[in-house]
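*Asks:* predicted model and sequence below, questions to follow.
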Amino acid sequence: MSEGVINLGKLKQLEGIFKDMTAGKHINRLNAPGVWAELEREHESYMALFTALGYDYRVDARGFAWLDSSDATNSVSTTSRQLALVLMVLFDNQSSEGKQLGQFTEWPINRDLLSNAAEKHKELMKAESISPDDMLKILVDAAKLGFTAVDGFGGVTLLPSVSRFLDHFEALVEARNEDDEFEDDNTVEIEA
């Protein structure tokens, strides 16, 4: 690519990519391999184009891309908040079952798993008025944003872009553990 020149003719899937990404959708290598191949092949062109248009184009090596925006609409932030809660409950449930969190794309997400996770966190789910059926609906709706894929049998697969949520959860756990260690280091026993 010549400095400052973007050959739009080489960006065969630009219209669909632009429409999806500006709507908040993540492009994942698992469910959109053709689109992903173009994003990889024309990375510099897409980076230059999105930057020139004022977007913060992000690509994660784990296999997903998105446009980062701090200008999220209320519906997107509500959706993200609900999705974050559902994913947190799922991650906690799977962790307590001894599942590797980094292998979440291999977990079969179904009503049984969601019911089990909701039962373990029933007070939290009740406080947020989210039932197992609501959890499934939230995960199905998350497909519109490229976080999940839905099969024809009522099951959901988490896509690599869910790593963004997992990264935040792991950071929160690490920060909490560091706070606990700090408190332990600064405690003084006083004998009566």
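*Replies:* Received the coordinates, thanks. Keep in mind it's a predicted model, so treat the numbers as computed, not measured. Numbering: from 1, shown residues only.
*Asks:* which parts of the chain are strands?
*Replies:* With DSSP state E as the criterion, the chain has strands at 27-28, 56-60, 64-68, 148-150, 156-158.
*Asks:* mind putting those into a markdown table with mean neighbour count and mean pLDDT?
*Replies:* To be clear about C-beta, it is placed using only N, CA and C from the backbone, and glycine gets the same treatment. Below are the strands of the chain laid out as a markdown table (neighbours: other Cβ atoms under 10 Å; pLDDT from 0 to 100):
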| stretch | mean neighbour count | mean pLDDT |
| --- | --- | --- |
| strand 27-28 | 24 | 96 |
| strand 56-60 | 15 | 95 |
| strand 64-68 | 20 | 93 |
| strand 148-150 | 19 | 95 |
| strand 156-158 | 22 | 95 |
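*Asks:* so where's this structure uncertain?
*Replies:* Within the chain, the ranges that satisfy pLDDT under 70 run 1-4, 70-77, 180-192.
*Asks:* can I see the domain layout of it?
*Replies:* Domain assignment for the chain by automatic domain parsing gives 8-68, 74-180.
*Asks:* ramachandran angles for I130?
*Replies:* Dihedral pair for I130: phi -120, psi 120, per degrees, to the nearest 10.
*Asks:* quickly note the distance from it to Q103.
*Replies:* Between I130 and Q103 the distance, using Cβ to Cβ, to the nearest Å, works out to 25 Å.
*Asks:* hmm, back to that, now render the strands of the chain as TSV, adding distance to R81.
*Replies:* Putting the strands of the chain into TSV (distance: least, Cβ to Cβ, whole Å) gives the following:
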stretch	distance to R81
strand 27-28	21
strand 56-60	20
strand 64-68	17
strand 148-150	16
strand 156-158	17
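*Asks:* with respect to M21, which of those lies nearest?
*Replies:* Taking Cβ to Cβ as the criterion, strand 64-68 is the member of those that comes nearest to M21, at 4.7 Å.
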